[in-house]
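# Here's my sequence, what's the structure:
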Amino acid sequence: KLLDNRQGFFLRRGQYLPALDRQRSWSFHPTVRPGDTVQAGSWLGWVQEHHCRHQILAPVDLQGLATVERIVPPGDQRVDDQVAVLRDPFGRLRPVPLWQSWPVKRAFSAHAERLYPEEQLVTGVRLIDTFFPVARGGVACIPGPFGAGKTVLQHLLAKFAQVDVVVVVACGERAGEVVETITTFPEMEDPKTGGSLMDRTILICNTSSMPVASRDASVYTGVTLAEYYRAMGLDVLLLADSTSRWAQAMREMSGRLEEIPGEEAFPAYLESRVAGLYERAGLVRLHSGATGALTLIGTVSPAGGNFEEPVTQATLKVVSAFLGLSRKRSDERRFPAIDPLESWSLYLRQLEPFLDRRLAAGWVAKVGRASRLLRRAAEISRMITVVGEEGLSLEDLIEMLLGELVDAVYLQQNTFDEVDGASSRERQVLVFDRVGKVLEAPLRFKGKEEARGFFQGLRQRFIDWNYAALASDEFKRLEAVIINDLR
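Model (predicted):
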């Protein structure tokens, strides 16, 4: 029921709808008693919302310690009903309903301390999880030219990331992309809970036809909602698509306010606004002792794929993972089109103890070796364009073929395949270990044709293996065939 469907193609001016159903009842379960001491963001009770416990928080603007004067017994409550009454340090009584109100441009600070991210966020995308990991509570950006697959990649992250809540901000997006999300997500299964994917997803729609002021507010609304769920001890993933259109909205508003422009007419405070947004992400310890994480991944749409433009450069100064999309890889249908040579992640070294402990000993060193091989293979490929394959030694050809094998069987994934669309952590470790065995194997060939034939067959068997369900008979059979090929 969207504004009673009386709006036509566009929302009419002055039409409003309450964000929460005022008539619906929620089963409230208190967790404090009269006389208990609480502070801003403390948990007073909870209601069940789909798969998670929705904690009812003490007002976030509460100053100092407050005393619980009254708390309702367990039972059904509406969002406007008072479930608790608190007495603040100044002797004033503060009624607490089920809902919270907060200005979106102010950080939602309801935690005891910020923590150093030390764990990996599993996204299901092999290229990201292995080569350019993102920390739980970290920040990353996905810049790339139009049509390189930014929105599709974000949809993949929304579907398969191992989190409790996903907030998708469609900032200045085309209406068709928003409609696709609304229609497909309810029919998809959440890999973590088995319920509908829409049950864990918050979608903030702000299409390109909407006012620039609402486009500016949509990103802040998304990060505030994400902070709110983080304050409940949940893992939240915020996907902002795209921050370039958010920055363009700021540029238009700045121009109308006749402010002094900066580079490319963006406001002079562009960098501080971008930094302020990404700094609201992070891993925190709550007053209850639980931890909550907000991971923020924003896409950037630089005109012509120019990463030197102001929005991209301002973003690169604050993020710790750069997942740059390549037009060349996109045109070659190598998806996800993240450029393995241009992208980087500071989290790879930061998470080294965690990765070596949870995945495999020496994991980061193995990833470094594969990365060096990919760079060497790219150099040899460029060399061929100059001297031709005839001027290439057999050893150099084998190195290039090994790099192409890693690219084809590990970096690329088939989004439309039920199995290969998302790769679990267990499967990634197993497949990457098998790929590593190929890189370490003493391969000897009589000539270049024999080498090409061997790698062609091996690549196809790896691809077939990627399409087989983990631990199935077909999976075990193909693994045995691959092992036999290396003997």
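
# For the worst-scoring helix or strand of the chain on mean pLDDT, which residues meet the burial criterion?
Lowest by mean pLDDT, DSSP states H and E among the helices and strands of the chain is helix 175-184, with a mean of 81. Across helix 175-184, burial judged by 16 or more other C-beta atoms under 10 Å covers 177, 178, 181. (C-beta placed from N, C-alpha, C; glycine too.)

# any chance of the residues you listed in TSV, plus distance to residue 125?
Putting the buried residues of helix 175-184 into TSV (distance: C-beta to C-beta, whole Å) gives the following:
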residue	distance to residue 125
177	19
178	22
181	18
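
# Show me how far the least confident helix or strand of the chain is from its chain's centre.
The chain centroid and the centroid of helix 175-184 are separated by 18 Å under C-alpha atoms, centre = their mean, to the nearest Å.

# Residue 395: which of the buried residues of helix 175-184 is nearest?
For these, the minimum distance to residue 395 (C-beta to C-beta) is 47.0 Å, reached by residue 177.

# Show me what stretch 466-476 is in contact with.
The contact list for stretch 466-476, computed with C-beta atoms under 8 Å, 6 or more residues apart in numbering, reads 409, 413-414, 417, 419-420, 424, 426-427, 430-431, 465, 478.

# likewise stretch 428-437?
126, 129-130, 359-360, 366, 369-370, 405-406, 409-410, 423, 462, 465-466, 470, 479, 482-483, 486.

# Quick one: buried ones out of those?
126, 129-130, 359, 366, 370, 405-406, 409-410, 423, 462, 465-466, 479, 482.

# Next step: those residues restricted to strands.
Per DSSP state E, strands hold no members of the buried ones among the contacts of stretch 428-437.

# Tell me the one among the residues you listed nearest to residue 455.
residue 405 (5.8 Å).

# Could you report the neighbour count for the nearest residue to residue 83 once chain neighbours are set aside?
Nearest non-adjacent residue to residue 83, counting by C-beta to C-beta, 6 or more residues apart in numbering: residue 72, 5.0 Å away. By the criterion of other C-beta atoms under 10 Å, residue 72 has 15 neighbours.

# What of the one 4 residues further on?
Number of residues near residue 76 (other C-beta under 10 Å) recorded here: 11.

# so it bridges to which residues?
residue 27 (DSSP bridges).

# Can you pick out the ones from the contacts of stretch 428-437 that are in helices?
The helices, defined by DSSP state H, take in 126, 366, 369, 370, 405, 406, 462, 465, 466, 479, 482, 483 from the contacts of stretch 428-437.

# Distance check, the fourth one against residue 376.
Between residue 370 and residue 376 the distance, using C-beta to C-beta, to the nearest Å, works out to 11 Å.

# cool, residue 229 as well?
44 Å.

# out of these two, which sits in the more crowded spot?
Set residue 229 next to residue 376 and count neighbours by other C-beta under 10 Å: residue 229 wins out with 26 against 15.

# show me the contacts for that one.
Counting by C-beta under 8 Å, 6+ apart, residue 229 has contacts 164, 165, 167, 236, 292.

# these two touch, right, the second one and residue 237?
Yes. Between residue 165 and residue 237 there is a contact under C-beta atoms under 8 Å: 7.4 Å.

# okay, these two: which has more neighbours?
Comparing residue 165 with residue 237 by other C-beta under 10 Å, the one with more neighbours is residue 237, at 28 against 24.

# Tally up the residues packed near the spatially closest residue to that one that is not a sequence neighbour, please.
Counting by C-beta to C-beta, 6+ apart, residue 237 lies nearest to residue 163, which is 4.4 Å off, once chain neighbours are set aside. Other residues near residue 163 number 24, with proximity taken as other C-beta under 10 Å.

# Residue 163 contacts residue 230, correct?
No. Assessed by C-beta under 8 Å, residue 163 is found out of contact with residue 230, at 10.6 Å.

# burial of residue 384, as a residue count?
15.

# check contacts around the residue nearest to residue 237.
So residue 163 contacts 121, 192, 200, 234, 235, 236, 237, 295 (C-beta under 8 Å, 6+ apart).

# cool, residue 190 as well?
So residue 190 contacts 51, 196, 197, 199, 200 (C-beta under 8 Å, 6+ apart).

# For residue 199, see how far away it is.
7 Å.

# Same check on residue 91?
42 Å.

# Compare these two and say which one has the larger neighbour count.
residue 199 (15 against 6).

# Mind pulling the model confidence for the nearest residue to the more buried one once chain neighbours are set aside?
Distance criterion C-beta to C-beta, 6+ apart; nearest residue to residue 199, sequence neighbours excluded, is residue 50 at 4.1 Å. You'll see residue 50 listed with a pLDDT of 88.
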